[in-house]
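1. Using only what follows, build the 3D model:
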Amino acid sequence: MRTMELKKTCVSCSSEQYFTFQKDEFRYYRCRSCGLLSTYPLPDAAMITSHYARAFREGNYQLGQEYMRDYLCVYRDMATRLERTMRRYGLHLRGAAVLDIGCFTGEFLELLKAQGANVYGLELQDEAVKIANTRLPGRVFKADVFSNDFPAMKFDAVVMSGVIEHVVDPAKLLKRAAEIMRPGGVLMLQTPNSASLLSRVLGKHWP
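-> Numbers count the residues shown, from 1 in each chain. All right, here's what the predicted structure looks like:
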């Protein structure tokens, strides 16, 4: 007896998705229209919170510290790119209000602060928030970007590094980012590219 696959709908453009591969307990589908790769079923808020709390306890932070020299090289490159992009639009990093959504333990914000930026961060992992606030007292908030639990202000730049691939409604997140930015502000996104050569070669083994 053959089991029919139910039609899956893309969270980005509502087009039909097709099955690509399975990794652990998750099945991955790619949109026929926009190419977005996503899991099905989508995790709920409780699953997401539990996953990241467990991941931190089981070594995310220790792994980050072990390879921090490599991460800092990436962060410095990101800071340079952000500064150049802001300059291109007549903005300056020095004195700019920058919000890092999903700032983890605050290393990237530290780099921006050293360059004169007025930095703020949002993070949902309790342990990460505590560590970040030892570096940047009063600047990192355990808050969702859709809440009112962080300073009500307009930002010159909003950064999302390794964040958008973890949300179930990316369009809603981008809209919210636009709402809290000043006109002409800069949005910096970093996310894995599931259409990259490495991804296509490794398939389900792509890390």
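
2. Longest strand of this protein, counting residues only.
-> Secondary structure of the chain read by DSSP state E shows that its longest strand is strand 181-190.

3. hey, where'd the helices end up in the chain?
-> 45-55, 61-66, 68-88, 107-114, 126-135, 170-179, 197-202 (DSSP state H).

4. Highest mean neighbour count across these, which stretch is it?
-> Highest mean neighbour count among these (mean count of other Cβ atoms under 10 Å): helix 107-114, with a mean of 19. To be clear about C-beta, it is placed using only N, CA and C from the backbone, and glycine gets the same treatment.

5. Name the surrounding residues that touch that helix.
-> Residues from elsewhere that reach helix 107-114 (Cβ atoms under 8 Å, 6 or more residues apart in numbering): 68, 71-72, 75-76, 78-79, 82, 93, 98, 100, 103, 119-121, 132, 135-136, 139-140, 159, 161.

6. one more time with 10 Å
-> Residues external to helix 107-114 that are found in contact with it (Cβ atoms under 10 Å, 6 or more residues apart in numbering): 64-65, 68, 71-72, 74-76, 78-80, 82-83, 93-94, 96, 98-100, 103, 106, 117-121, 131-132, 135-136, 139-140, 157, 159, 161.

7. And that helix, how far out from the chain middle?
-> The gap between where helix 107-114 is centred and where its chain is centred comes out at 17 Å by Cα atoms, centre = their mean, to the nearest Å.

8. which residues sit in contact with the closest residue to K154 other than its chain neighbours?
-> Excluding the flanking residues, the one nearest K154 by Cβ to Cβ, 6 or more residues apart in numbering is R182, at 4.4 Å. When contacts are counted by Cβ under 10 Å, 6+ apart, R182 touches 91, 96-97, 153-157.

9. which parts of the longest strand of the chain are buried?
-> Judged by neighbour count (16 or more other Cβ atoms under 10 Å), strand 181-190 contains these buried residues: 181, 185-186, 188.

10. sorry, back to before: for the helices of the chain, give me a markdown table that also has distance to T20 and mean pLDDT.
-> As requested, these are arranged in a markdown table below (distance: least, Cβ to Cβ, whole Å; pLDDT from 0 to 100):
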| stretch | distance to T20 | mean pLDDT |
| --- | --- | --- |
| helix 45-55 | 21 | 76 |
| helix 61-66 | 27 | 60 |
| helix 68-88 | 27 | 88 |
| helix 107-114 | 31 | 95 |
| helix 126-135 | 31 | 90 |
| helix 170-179 | 18 | 94 |
| helix 197-202 | 10 | 85 |
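
11. how far away is the most centrally placed residue in the chain from R32?
-> Note on the chain: the residue nearest the mean C-alpha position is V163, at 1.4 Å, using Cα atoms, centre = their mean. Distance of V163 to R32, given as Cβ to Cβ, to the nearest Å: 26 Å.

12. and the two most separated of the contacts of R182?
-> With Cβ to Cβ as the measure, no two of the contacts of R182 lie farther apart than L91 and M153, at 15.7 Å.

13. that older thread, for the contacts of R182, which ChimeraX command selects only the ones that are buried?
-> One line in ChimeraX is enough to select the buried ones among these; burial here means 16+ other Cβ under 10 Å:
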select :91,96,97,155,156,157
